[in-house]
Structures are given as C-alpha cells and as structure tokens.
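A.B. asks: Structure for the following, please:
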Amino acid sequence: MWEHLVAAFEEEWSERRFFLWLPVCAGAGAVFWLLSPAEPSLKLAAALATVCAAGAALLRERRAPMLPLAALTAFFAGQLLAGARAARMDAPVLERTFIGELAGFIEEVDPRAQKGSNDARFVLRVAEMEKLNPGATPFRLRLTTRNAENFAAGDFIAAKARALPPAHAALPGGHDFARDAYFAGIGGVGNLLGPAEKIDAPKPAPLRLRFFAAIDRARNTLALRVYRAIGGDNGAIAAAMVTGKRDLLSDDAREKIRRAGIFHIITISGVQMTLVAGIFFVGFRTALALIPRLALNYPIKKWAAALAIVAACGYALFTGSRIGAERALYMTLILLGAVLADRPALTMRNLALAALAVVVTEPEALLGPSFQLSFAAVAALIAVYEHRQRARPPPEAAPGDWRGALRRHAGSGVGGALVATFCATSATASFMAYDFHELSPYVLIGNPLTLAVIEFFAVPAALLGAALYPLGLDGPVWAWLGLGIEAIMRLAGWIGAAPASNLPLPAFAPWSIVFLTFAVLSALLWRSRLLRLTAIPLLALGLAGAASGEKFDLAAPPTGDGAAVREASGELAALGRHKNAFAAEQWLRADGDARDQPDAAGRCDRLGCTAIARNGAAVALVLEAEAFHEDCARAKIVISSLFAPRACAAPIVLDRAKLSETGAVTLRFDGDAVIWRTARAPGEDRPWSRAPKRRKQD
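C.D. replies: Predicted coordinates for the structure are as follows:
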C-alpha cells in the first residue's frame, strides 16, 4: 500500500499537479480570515508567510517538508490578501436608521418595469447626508425609487431618503449580506421618500465614475429596447441575457426558472463569455487569413487572440462585472494568453490561475454561490476533457458488445455532452444543496437545452443586435432571440410542473460543506486513481454532516421584529403583525419546507403577538413597550426589537440588546434543555459586523 501511495505522489509531482492546490490553500486562508470572529493579525500572517516561503525555498530539493511549507505560505498569503482587500474597501456603515436629505452621484440604475412603470433600484455615491459628519457618511447607498424617469447614471441628485444598515443573516449559518455590502462599499440600503431633484454637482464626477455611468446608460438603453421588443418575462430574460440587467424579471418568472434548475440563464455565464471570445477570435483570424501577405508572413493566430482579448474585456465591461462573469473573463484571458505564449489553452492549471486571480482581486467572492458553482462546474468539465485527452480513442465495438458501444458513445457527440453535463452537475450539487437547500433532478434536461439557447440564440443575437441597434435594424434579431426564449420557458414550465422537480433539503451541519468541498477537489484535481479515491471518505463525512443537521423550533431575525415558531403539527409558522418575506423564505428553505410562505402563528394585537411553541412554552413578540409588563411575567420566551426592561422575568429574552450581541438566533428544545445557535460568535467584531455598544443604564 505504501509503495502505491508513493507512486501516486510521484505521478502527481511529475505532472506538477501540486500547483493546483496552491490557489486552494490561498482561498482557505482568505476564507479563514473572512469567517474569523475577531480580526486576525496581519502582521503575524505576514511574518509566518515570509518564514514559510523562506523555508520552502531552502528545502526545495526535499519534497516532504517543502510541500507543506508551500501550502502554509499560500494559506497565510490568502489571509494577507483578504485583509488588504478589506482595508481597501473600508468605509463607514450606518449604525441606525437614517431619515433625511442626502445628495450624491448615481453610479448605476436598474429599472424594475415589472414592479411599476418607473420603479428602479440604484446605487448612489454619497456626497453628503443630513446630520452625518463626513467620517460617518457611507461611501455608497443602494436605494429604490418609484420615480426614476428623471435621472440616469452619472447624474447628481438631491432627495429625501430612508436608509438602514445592510441586513445581516436572517438565520445562523445563512449568507451575510452585510458582508457583501461592505465589500461593495455599500453602507446602507433603503428607499427615496419622494422625487429626486437633479442638481449641479459641487465638483465634477471622477473620471472612473463617468466612464462606468456611460456604460450603464448604454446597458439600460439596450436592455429596455430588448425588453420592449419582445415583451413580458421573455423580454426580461432576453434583456438579462444580452446586457446582464436582471431586475426587469418578475418574481413568478424567477420562481419558474429556479424550479426548472436553469436560473443561470439570466446571468452572464462563462459559456457566453467563452462564445463571445471564440466568435471574435475566429472572426478576426478568418478576416486576417483573407489577406495572403499577412497570413503567410505574420502570426495572425496570435494577432486574433490579442484582438479577442480586447473584445472579451469590452463585453465584460458592458454586461456588468458579477463574479461569474469575472471568473469567465479571467479564464478567457488566460486561455487566449496561452495562445499568445504557444501553450496549451484548456488546462486545469489555467483554471487554477483564474481562481488565484479571484483570490487576489475579490477574496470575499469565495463565500458566494456564484464562485462556488461556476468554478466547480468548469473544473469538472476540464477534468472530463483532460481524461479524454489522456485516454486512448475508444475502439469500435464488436457486434453485441454493448459495453464497448457505450464507452464509444459516452466519449463523443450527444453522449459526451450528457456525460460532461452529468459531471458538472455532480460537482455543483453539494454547493447547490448547501447554499439554496434544494436540488433539481431534471437539470440534466434543462442544462443542455439552456446551453443550446445561449449558443444559437442569445450570444449571436446580443452581438448582432447591439451592432444593428444604432441603425434601427435590430428588430428581427430580437424576434429571433424571442423564439429561443419562448422555447426554453415552455420547457421550464414542463420541468417545473413535473413530479419532484424541486427537492427541498434541510440545512446542513456547517462543517459538512468543508468535507464536501474537499471531496469535489480531490476527485477533480488529483490525476492518480489512488488519490482520487480519497474523495470517497471525504464525501461520506460531508454527507454525514448533511444528514446530521438538526431542525430548530424557534428562529428570531437580528432585527427582532418577527419570529418563526414550530407548531405542534411540526411545521413552521410566522409570528408577527407584518411578515418579513425574505426572512420567512430563509427559514422555510433551511427547514426543507417547499412552501412559499409560512402560515401565521398565534394571534396579534396592537401591542404584540403571542404563540405556543412545540414544547408548550409561551412565546411573546413585543411590538410596543407597554406590553413588556404582562409578557415578561407570563411568557417563557420574549422577542422584541425594543430594549426589554432589565427586570424582565422571562427565562429567555431576545430583545434589541441581546440580538445585537447574537445576531439571528435559533432555539431547539430538547426536553427541558434549550440548544442555542447564533449568527454572531461571542465577542465578534469585524468591519461589517461591529461589536455592539454597551447599553446605557435604565
């Protein structure tokens, strides 16, 4: 056994596969830094990275100590990269609700035609906010308005607005949107309380802002043109596929394509980026080849690759810069760069370089589903490609040899496409289940057909329609795109209506995703069969963690303005006078419940709401301070967005003070014991999740 293991490591070393794990180690360091409850010491990380790098360099001839030292160097470097990124993006965040006048430059506008005729969501780069000094003024706000016809990206506006701090996770272990907002420079979210007034700016907008504002205006113009030409949700999907603007889509259509497992159709994916680069590469190379003097005397293939790089960057700028598109752009640039350097293009090493580029530029993206799904899918596809390249061509099957025929057809044509799709789907299944608490069994049907729509309708229509739009000749192009989207939406309707089209899954134990991730990595990155088999025990541990996730009996969001209570029937019910739709959706998903919204629990009046939990405990949601006197005396659990009196006699009090320390809370009743889970760790203090201030004495 030992000899086989040594031989496996020798194979990995000879093929330089250990390099593929350096971005993994760097990413692990970045994730460790991001998830740490207290600020890790960057000075210590820098010192350890230096020491480990020096040790790896000195011991480079001795593999046994060199490899772990190189891995540790990458790990600590990942911490440094995450810390440097946080320092670059550091900006004030609202501490409490703001209502007042503000002014600033509009950076980006996303029309929401399905919500209302002039509804829009926009990002405002703040110049000033009433009653806030410059040191407490957020850099950006994300706001909504019902009257967006009077302004566009690049305008300087003044308006009255209501803004709140960015929302934290609605559930322990849930995605922290406040962290996302911090790394986007967004210090608050809210809405305008009236029309915005376009005024003269006190000083000119920065050149970068003006450049991207001009791109945003062009994107919106084209998006609305496509949306109106096709109409309805099909037009909204077309606009998203062409320009990356997704807010035009209705909630019903989003749910329809989500249930069909093809939600990625409205994102600018790697397939689109690769197709665009490929179209430009082939087009430029063909055009240059038409000139014999150039074709015979100059490296026109490299020239075409260089021009395709410029075109791919332009396409990425125009369609927005989400992490899926950025990953695709990095990968495309590396592939085309390999052509310039006369190196193989489609390799796992190039994908590792693309992952490393994400760790360097946006390490926070590693915690998002977009990065996880896109990289897992592409890694699986490259692994399939590499395996086919290494394998001998499948022999012709003899009559009656069904195994040989199966191997031959599985490696090419439709069979090869289905095998590749199955591998990509399997690689992303863990992340889909962990992040979204659901799986779509029919994705093997939806994905190939979605790719066909992208290849034959979306990308050609986007390029041709954008070129013909200034001439007013783009109408037939959008009609062509509409035909493809109509077909895919009919398919989505059939898939969504099929039995078990969407399998809800309860939340996993938090540690399970670590083992599932390394199972995927081991299966895809190792070349030797023996080391790939290590994916099996890792997968088993991950699945055990997935199965060991325990359901909660009560959940309270960090705002304290509602709750979820498990009733005697075993189902969750919402407690509160006004439903928090987003929090309710998170609670149901984590519970593996396929309902859109929970039923109402208990009863409510002006002062608050009451309900009975599964274990018979009385739960009170206090909405007005005068309810504390009665509820603290009779309820076992008191929840409120207000400060409870210090003399409150309830055994469990989840008031404003407590929830500021714990964040979202879930409770599980085990006999007389109560098992807590909190979104915030004890003593947590990070730039996007500051330690709560001490409460003043009553």
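
A.B. asks: Please count neighbours and contacts with C-alpha atoms only from this point.
C.D. replies: Will do.

A.B. asks: quick one, helices of the stretch 401-550 of the chain?
C.D. replies: Along the stretch 401-550 of the chain, counting by DSSP state H, counting those that start in this stretch, helices occupy 402-410, 413-436, 443-453, 459-468, 475-497, 512-525, 529-532, 535-547.

A.B. asks: So which of those helices is nearest residue 687?
C.D. replies: Counting by C-alpha to C-alpha, residue 687 lies closest to helix 413-436 out of these; the figure is 23.7 Å.

A.B. asks: Can you get me the centre-to-centre distance for that closest one and its chain?
C.D. replies: Distance, stretch centre to chain centre, for helix 413-436: 18 Å (C-alpha atoms, centre = their mean, to the nearest Å).

A.B. asks: Okay, buried residues for that helix please.
C.D. replies: Within helix 413-436, the residues that qualify as buried by neighbour count (16 or more other C-alpha atoms under 10 Å) are 416, 418-436.

A.B. asks: repeat for stretch 547-557
C.D. replies: Of the residues in stretch 547-557, those buried under the neighbour-count criterion (16+ other C-alpha under 10 Å) are 549, 551-557.

A.B. asks: Distance-wise, check the closest residue to residue 98 other than its chain neighbours relative to residue 104.
C.D. replies: Once flanking residues are discounted, residue 98 sits nearest to residue 163: 5.1 Å by C-alpha to C-alpha, 6 or more residues apart in numbering. To residue 104, residue 163 is 14 Å away according to C-alpha to C-alpha, to the nearest Å.

A.B. asks: Neighbour count: these two, which is higher?
C.D. replies: residue 104 (26 against 21; other C-alpha atoms under 10 Å).

A.B. asks: On the three-state scheme, that one is what?
C.D. replies: Under DSSP: H, G, I helix; E, B strand; the rest coil, the three-state class of residue 104 is strand.

A.B. asks: need the helices for the stretch 201-350 of the chain, in chain order.
C.D. replies: 207-230, 232-243, 251-259, 270-289, 292-297, 300-318, 323-340, 348-361.

A.B. asks: Mind listing residues that contact the second one?
C.D. replies: With contact meaning C-alpha atoms under 8 Å, 6 or more residues apart in numbering, helix 232-243 is reached by 219-220, 222-224, 226-230, 245-246, 248-250, 253, 265-268, 318-320, 458-459, 461-462, 481-482, 485-486, 489.

A.B. asks: Walk me through the domains of this structure.
C.D. replies: If the domains of the chain are taken from automatic domain parsing, they occupy 1-90, 98-205, 554-678, with pieces of a single domain joined by a plus sign.

A.B. asks: Tabulate the ones you listed (CSV), appending distance to residue 362.
C.D. replies: What follows is those, written out as CSV (distance: least, C-alpha to C-alpha, whole Å):
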stretch, distance to residue 362
domain 1-90, 7
domain 98-205, 9
domain 554-678, 25
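
A.B. asks: do you know which of these lies nearest residue 501?
C.D. replies: domain 554-678 (11.3 Å).

A.B. asks: Span of that closest one from start to end?
C.D. replies: 12 Å.

A.B. asks: That domain: how far from the chain's middle?
C.D. replies: For domain 554-678, the separation from the chain centroid amounts to 29 Å (computed by C-alpha atoms, centre = their mean).

A.B. asks: How about residues contacting stretch 286-301?
C.D. replies: Contacting residues not belonging to stretch 286-301 are listed as 285, 304, 339 [C-alpha under 8 Å, 6+ apart].

A.B. asks: closest to residue 679 among those?
C.D. replies: residue 339 (47.3 Å).

A.B. asks: For the stretch 301-450 of the chain, give me the ranges with low pLDDT.
C.D. replies: 321-325, 327, 345-346, 391-418, 444-446, 449 (pLDDT under 70).

A.B. asks: coming back round to it: who are the contact partners of the residue nearest to residue 98?
C.D. replies: 97-99, 141, 143, 188-191.

A.B. asks: 7 Å instead?
C.D. replies: For residue 163, the set of contacting residues under the criterion of C-alpha atoms under 7 Å, 6 or more residues apart in numbering consists of 97-99, 188-191.

A.B. asks: ok, of those, which come out buried?
C.D. replies: Among these, those scoring as buried are 98-99, 188-191 (criterion: 16+ other C-alpha under 10 Å).

A.B. asks: Is it possible to get JSON lines of these that adds distance to residue 46, pLDDT and secondary structure?
C.D. replies: Written out in JSON lines, the entries for the buried ones among the contacts of residue 163 read as follows (distance: C-alpha to C-alpha, whole Å; pLDDT from 0 to 100; DSSP: H, G, I helix; E, B strand; the rest coil):
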{"residue": "98", "distance to residue 46": "39", "pLDDT": "94", "secondary structure": "strand"}
{"residue": "99", "distance to residue 46": "43", "pLDDT": "94", "secondary structure": "strand"}
{"residue": "188", "distance to residue 46": "33", "pLDDT": "95", "secondary structure": "strand"}
{"residue": "189", "distance to residue 46": "35", "pLDDT": "95", "secondary structure": "strand"}
{"residue": "190", "distance to residue 46": "39", "pLDDT": "94", "secondary structure": "strand"}
{"residue": "191", "distance to residue 46": "42", "pLDDT": "94", "secondary structure": "strand"}
